[in-house]
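Participant: Okay, predicted coordinates and the sequence, questions at the end:
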Amino acid sequence: KAGVTQTPRYLIKTRGQQVTLSCSPISGHRSVSWYQQTPGQGLQFLFEYFSETQRNKGNFPGRFSGRQFSNSRSEMNVSTLELGDSALYLCASSLGAGTYTEAFFGQGTRLTVV
Amino acid sequence: TQLLEQSPQFLSIQEGENLTVYCNSSSVFSSLQWYRQEPGEGPVLLVTVVTGGEVKKLKRLTFQFGDARKDSSLHITAAQPGDTGLYLCAKGDSGYALNFGKGTSLLVTP
């Protein structure tokens, strides 16, 4: 079956702009998580959605937000972009139930803020 | 959030050599996952270890979960250039988030 699909793959934005990234999870997966990956900080958890509800949020400013639709597709939005927001943004999907959060990642969206 | 420390940070070896990378925490974790990430791609799940002392094998890769469930190791036998990548360990945090170590970047040259 199809894997996790993230669009777009690459984005270049200017400081102060906003951006929306999209993620389509594996069919049947109801949980979608977002992560930011930078060389200095590694992979950091942004937030997780399950059945359109945010269940957990990482330690990021309010400029970072997300949502999940009834078909489990998810979007994340970053407003008032800063240079430090340049990163690889990864989406992961999982069944969302049970003890172990086995996550399947998309290829990511590479965001560059100039 | 409990930190996961991975070592070494970088590793460059010749094809055919063996290697071990480590993942340590000061706290017990209920399960641990290992991922491999290639440049420009998302991490790919290799294995989940759950039981203290558990050993899992995936072809030339051997994963071990410490008896006290505070550490894990990944051993690669006869490394190949295709093993090149970033090896990440991760534990479930707050139920629905993964807490990742910073990874071990492995380069295997022919």
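Facilitator: Structure received.

Participant: chain center to stretch A:18-28: distance?
Facilitator: 7 Å (CA atoms, centre = their mean, to the nearest Å).

Participant: Tell me the buried residues in it?
Facilitator: Buried residues in stretch A:18-28, defined by neighbour count with 16 or more other CB atoms under 10 Å in any protein chain shown: A:19, A:21, A:23, A:24, A:25, A:26. C-beta here means a position set from N, CA and C on the backbone, and glycine is covered the same way.

Participant: Could you write out the alpha-carbon coordinates of that stretch in PDB?
Facilitator: Extracted in PDB, the C-alpha atoms of stretch A:18-28 (Å, rounded to 0.1, in the frame of the first residue of the first chain):
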ATOM      1  CA  GLN A  18       3.600  31.900   6.300                       C
ATOM      2  CA  VAL A  19       3.700  28.300   4.900                       C
ATOM      3  CA  THR A  20       1.400  25.300   4.900                       C
ATOM      4  CA  LEU A  21       2.700  21.800   4.500                       C
ATOM      5  CA  SER A  22       0.600  18.800   3.800                       C
ATOM      6  CA  CYS A  23       0.700  15.100   4.800                       C
ATOM      7  CA  SER A  24      -1.300  12.100   3.600                       C
ATOM      8  CA  PRO A  25      -1.000   9.200   6.000                       C
ATOM      9  CA  ILE A  26      -1.000   5.500   5.200                       C
ATOM     10  CA  SER A  27      -4.500   4.200   4.500                       C
ATOM     11  CA  GLY A  28      -6.100   3.100   7.800                       C
END
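
Participant: Let me see the mean pLDDT of that stretch.
Facilitator: What stretch A:18-28 shows for mean pLDDT is 96.

Participant: low pLDDT regions in chain A?
Facilitator: Residues of chain A meeting the criterion pLDDT under 70: A:1, A:97-101.

Participant: Name the nearest residue to whichever residue of it sits closest to chain B, sequence neighbours excluded.
Facilitator: Closest to chain B within chain A is residue A:105: 3.2 Å, counting by CB to the nearest CB. Nearest residue to residue A:105, sequence neighbours excluded (CB to CB, 6 or more residues apart in numbering or on different chains): residue B:42, at 3.2 Å.

Participant: burial count for residue B:27?
Facilitator: Residue B:27: 10 surrounding residues under other CB atoms under 10 Å in any protein chain shown.

Participant: Helix, strand, or coil at it?
Facilitator: Assigned with DSSP: H, G, I helix; E, B strand; the rest coil, residue B:27 falls in the coil class.

Participant: ok, now which ones touch the residue nearest the centre of chain A?
Facilitator: The residue lying closest to the centre of chain A (CA atoms, centre = their mean) is residue A:34, at 3.0 Å. Each residue near residue A:34 by CB atoms under 8 Å, 6 or more residues apart in numbering or on different chains is listed here: A:23, A:45, A:46, A:47, A:48, A:66, A:74, A:76, A:89, A:90, A:91, A:92.

Participant: Just list the residues touching the closest residue to the first one other than its chain neighbours, thanks.
Facilitator: When you say that, I think you mean residue A:23. Excluding the flanking residues, the one nearest residue A:23 by CB to CB, 6+ apart is residue A:91, at 3.4 Å. For residue A:91, the contacting residues are A:4, A:6, A:21, A:23, A:25, A:32-35, A:74, A:76, A:105-106, A:108, by CB under 8 Å, 6+ apart.

Participant: Quick check: residues of chain A near chain B?
Facilitator: A:4, A:31, A:33, A:35, A:41-45, A:48, A:50, A:55-56, A:58, A:90, A:92, A:96, A:99-108, A:110 (CB under 8 Å from any CB of the partner chain).
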